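In: turn this into a structure:
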Amino acid sequence: MVIRNSDYPRLPRMHWGELIYATPGCGKTYVANKYRDVVDGDDLIVEATIEVAPHFELDYYDDPRKAIFQYFRYINFNRRINHVESLQPGLGENGRRMR
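Out: All right, here's what the predicted structure looks like:
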């Protein structure tokens, strides 16, 4: 969500139109919540998710990270999948197609 409230300062003009790529935990969301006219990448991920997954119902959210985690629960995401076979039927444990 982009802040449009005039109570928040604007980002210096020399930074308008810039993309910032940074590692998790370095304060991107903090900056997006501090300055108006700054778009948080997490908000873009939520908007894209809603667009490509029309059956995923998301109510109002104030923290995009919570919405992203809610989507991972919706798709039953589990990073501890032990077998490649569960991802693609017909593949053996070494990832090669079984005959």
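In: which parts of this structure are helices?
Out: 28-34, 41-52, 64-74 (DSSP state H).
In: distance to residue 21, mean neighbour count and mean pLDDT for those helices - can I get that in a markdown table?
Out: In this view, the C-beta of every residue, glycine as well, is placed from N, C-alpha and C. Output for the helices of the chain, formatted as a markdown table (distance: least, CB to CB, whole Å; neighbours: other CB atoms under 10 Å; pLDDT from 0 to 100):
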| stretch | distance to residue 21 | mean neighbour count | mean pLDDT |
| --- | --- | --- | --- |
| helix 28-34 | 9 | 15 | 83 |
| helix 41-52 | 8 | 14 | 90 |
| helix 64-74 | 17 | 15 | 89 |
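In: make JSON lines from those helices and add distance to residue 58 to it.
Out: Listed next are these as JSON lines, based on distance: least, CB to CB, whole Å:
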{"stretch": "helix 28-34", "distance to residue 58": "18"}
{"stretch": "helix 41-52", "distance to residue 58": "6"}
{"stretch": "helix 64-74", "distance to residue 58": "6"}
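In: ok, which of these comes nearest residue 20?
Out: Smallest distance to residue 20 across the helices of the chain (CB to CB): 6.8 Å, for helix 28-34.
In: which residues does that closest one contact?
Out: Helix 28-34 is contacted by residues 3, 8-9, 20, 22, 38-43, 64-65 when judged by CB atoms under 8 Å, 6 or more residues apart in numbering.
In: can you do 10 Å?
Out: 1-3, 8-9, 11, 20-22, 27, 38-43, 63-65 (CB atoms under 10 Å, 6 or more residues apart in numbering).
In: could you identify the buried members of those residues?
Out: 3, 11, 38, 40, 42, 43, 64 (16 or more other CB atoms under 10 Å).
In: so the first one touches residue 43, yeah?
Out: Put plainly, it is residue 3. No - the criterion here is CB atoms under 10 Å, and residue 3 misses it with residue 43 at 11.0 Å.
In: excluding chain neighbours, what is closest to the most centrally placed residue in the chain?
Out: Nearest to the geometric centre of the chain sits residue 45, at 3.8 Å (CA atoms, centre = their mean). Nearest non-adjacent residue to residue 45, counting by CB to CB, 6 or more residues apart in numbering: residue 68, 6.0 Å away.
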